[in-house]
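Peer 1: Quick one, what's the 3D model for this:
(chains A and B)
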Amino acid sequence: MADSKKGWNAAFMALVYISLALTVLCMLVPFAWMLSASLKLSKDVFSFPIQWIPDSPRWENFKDIWTRIPLGMFIYNTAKLSVIVTVLQLLTSSFAAYAFSKLKFRGKHALFLGYIATIAIPWQAYMVPQFILMRSMGLNNTHLSIILLQAFSAFGVFLMRQFYQGIPDELCEAARIDGMNEYGIWAKIMLPLSKPALSTLTIFTFVSTWNDFLGPMIYLTKTELKTIQIGLRMFISQYSAEYGLIMAASVVSIIPVLIVFLAVQKYFVQGIATSGIKG
Amino acid sequence: MPKDHKPRLSKSVRHHLVAYSFIAPNFIGFAVFTLVPMAFAFVLAFVEWDGANPMAFVGLRNFDRLLHDAAFHKALWNTVVYTIGVVPLTMACALALAVLLNRKIAARNFLRTVFFFPYVASLVAVAAVWNFIFSPTLGPVNNLLNALTGIPFEELPRWAADKDWAMFTVVLFTVWKNMGYYMVIYLAGLQGVNPELHEAAHLDGANAWQRFWNVTIPQLAPATFFVLMILIINSFKVYDIFINLFAGADNQLNDTTRILVYQIYNTAFRSLDFGYSSAMAIVLFLIVLGITLVQFHGEKKYGQ
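Peer 2: Residues are numbered from 1 along each chain as shown, chains lettered A, B, ... in the order given. This next block holds a predicted model:
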């Protein structure tokens, strides 16, 4: 009886590992192919069977792309926007979320409901009037437009507030009795405790700004303002047969996000593991 | 002396001022750049405007036009089909992965990273690689299918370029790209599942499958609600995935891949028909609102 149960368990775990391995393969193969193609001549990219490791890797691809398109400028623009938006988002969201979670004030529920309601309203439903508003303020074709567009999302407030709800009120009460003011409690108690939540919001905000496509497409029409997404797409449509170069530029566009992701994902996974997130 | 009362009152005022000062930085930006445009969208839906000449109030005419606009109907239909394809598949994959990763298995952190990574990776880049891999005659997928089955290239699916396979391709791509995100939300939800309940169910003789259905799933209701809400909304507001998988340099989509946001975008920024575009946007808004209300109701009934 115990043996057969053990057998079943082993078989089950084998199944788990096989399905996980297959999923991992599906997840990674496109990236492996991208990397491999980025080191080939365009004429060799599609040779079949696939030569995963090219005989003579063409490192020049990674040199040529910088001169073919202003890739460095695109990356600088995108990095600048992503960092500013993320910092603003973290500050204003965690600030507002503290009030929504730990303070009592008139209009709190109505205001929070208003925030929640707008999460459900797709940006695409008001992107046109928003563009008209920004244009009337002279903000089209400025990076400021993208910053203002991204930095005050209701989602951030919602996410942070959900985390703060899991932190016992008694902690704030005790600090208040000790004479700490609300700003102190936010800075010295809530922020350190919500590191996992902040990391989560960081990665989501950074990535969504880095990868934003439609926003920059609408607002940034001058080449020198363009972000990596729009720039890369411009490159792909201009040189559609330069397969090797397109893949090299793609690899380059992914690397910064990969670095940021690997850097904060420690906190990120920790945040999930230490039960920080609880709806 | 009224002094007794004054501090009490001012304390409450001060308390409120402090609370509002916490909200203000986010709320002001939010109000100006989100709430105002939202309100403006409702006004625009009832006018005719090209962005330069004075607006003309046209009442419900924009909505009347929508009723007879075949291209809009097609776009709406395509969006619904896409949503129906993406939502259940993503939820199932995300939940399955989360449950598997929630066990004590080897390389758990590595696996989490791998599953989440496509969500983080730049869309333009991964769409480019997908288009290469699924290229009808050059790509490794069709080459492999051809080598394995012997079916000639002309009879193999042309994936993104094939009107019968385009929707399948984009659904597959979306699930591949985004399921890691929803997996993380489920993983977070699973952390909140009380292990004592599992133990109790175990002692009562419930097997793993019964425990999953009767303990894990109900406890995951808030996470599921969240996932469902975000998934449907994200499917309805899709634009960039379609442009990057299907459109050429002119950013145009054809009849089989045209979606709602594409119509909104093109009507506004290409046809400069801002009023009509806003009427479409209101439709998008109402659809999402309807779904949200249903979900809120469901959440109240079954959640928590």
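
Peer 1: what about the stretch 1-150 of chain B, any weak spots by pLDDT?
Peer 2: For the stretch 1-150 of chain B, the stretches flagged by pLDDT under 70 are B:1-9.

Peer 1: List the contacts of stretch A:73-84.
Peer 2: A:143, A:146-147, A:150-151, A:206, A:209-210, A:224-232, A:252-253, A:256 (CB atoms under 8 Å, 6 or more residues apart in numbering or on different chains). Where C-beta positions appear, they are placed from N, C-alpha and C, glycine not excepted.

Peer 1: And the strands in the stretch 1-150 of chain A, which stretches?
Peer 2: Per DSSP state E, counting those that start in this stretch, the stretch 1-150 of chain A carries no strands over any range.

Peer 1: now the helices for it?
Peer 2: Using DSSP state H, counting those that start in this stretch, the helices assigned to the stretch 1-150 of chain A run over residues A:2-37, A:60-68, A:71-102, A:108-119, A:127-136, A:143-150.

Peer 1: JSON lines please, covering these and showing mean pLDDT.
Peer 2: JSON lines is the format used below for those (pLDDT from 0 to 100):
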{"stretch": "helix A:2-37", "mean pLDDT": "87"}
{"stretch": "helix A:60-68", "mean pLDDT": "92"}
{"stretch": "helix A:71-102", "mean pLDDT": "94"}
{"stretch": "helix A:108-119", "mean pLDDT": "84"}
{"stretch": "helix A:127-136", "mean pLDDT": "94"}
{"stretch": "helix A:143-150", "mean pLDDT": "94"}
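
Peer 1: now those in a markdown table, with mean neighbour count?
Peer 2: Shown next, in a markdown table, are these (neighbours: other CB atoms under 10 Å in any protein chain shown):
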| stretch | mean neighbour count |
| --- | --- |
| helix A:2-37 | 14 |
| helix A:60-68 | 16 |
| helix A:71-102 | 21 |
| helix A:108-119 | 15 |
| helix A:127-136 | 20 |
| helix A:143-150 | 22 |
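
Peer 1: so how many other residues sit close to the residue nearest to residue A:36 when sequence neighbours are not counted?
Peer 2: Excluding the flanking residues, the one nearest residue A:36 by CB to CB, 6 or more residues apart in numbering or on different chains is residue A:52, at 5.2 Å. Number of residues near residue A:52 (other CB atoms under 10 Å in any protein chain shown) recorded here: 10.

Peer 1: center of the chain, which residue is that?
Peer 2: Using chain A here. Nearest to the mean C-alpha position of chain A, counting by CA atoms, centre = their mean, stands residue A:207 at 1.9 Å.

Peer 1: ah, I was thinking of chain B
Peer 2: Short answer for chain B (CA atoms, centre = their mean): residue B:234, at 1.3 Å.

Peer 1: Tell me who's in contact with it.
Peer 2: Taking CB under 8 Å, 6+ apart, we find residue B:234 in contact with residue B:178.

Peer 1: same thing but 10 Å
Peer 2: With contacts defined as CB atoms under 10 Å, 6 or more residues apart in numbering or on different chains, the neighbours of residue B:234 are A:122, B:83, B:86, B:87, B:90, B:174, B:178, B:181, B:182, B:241.
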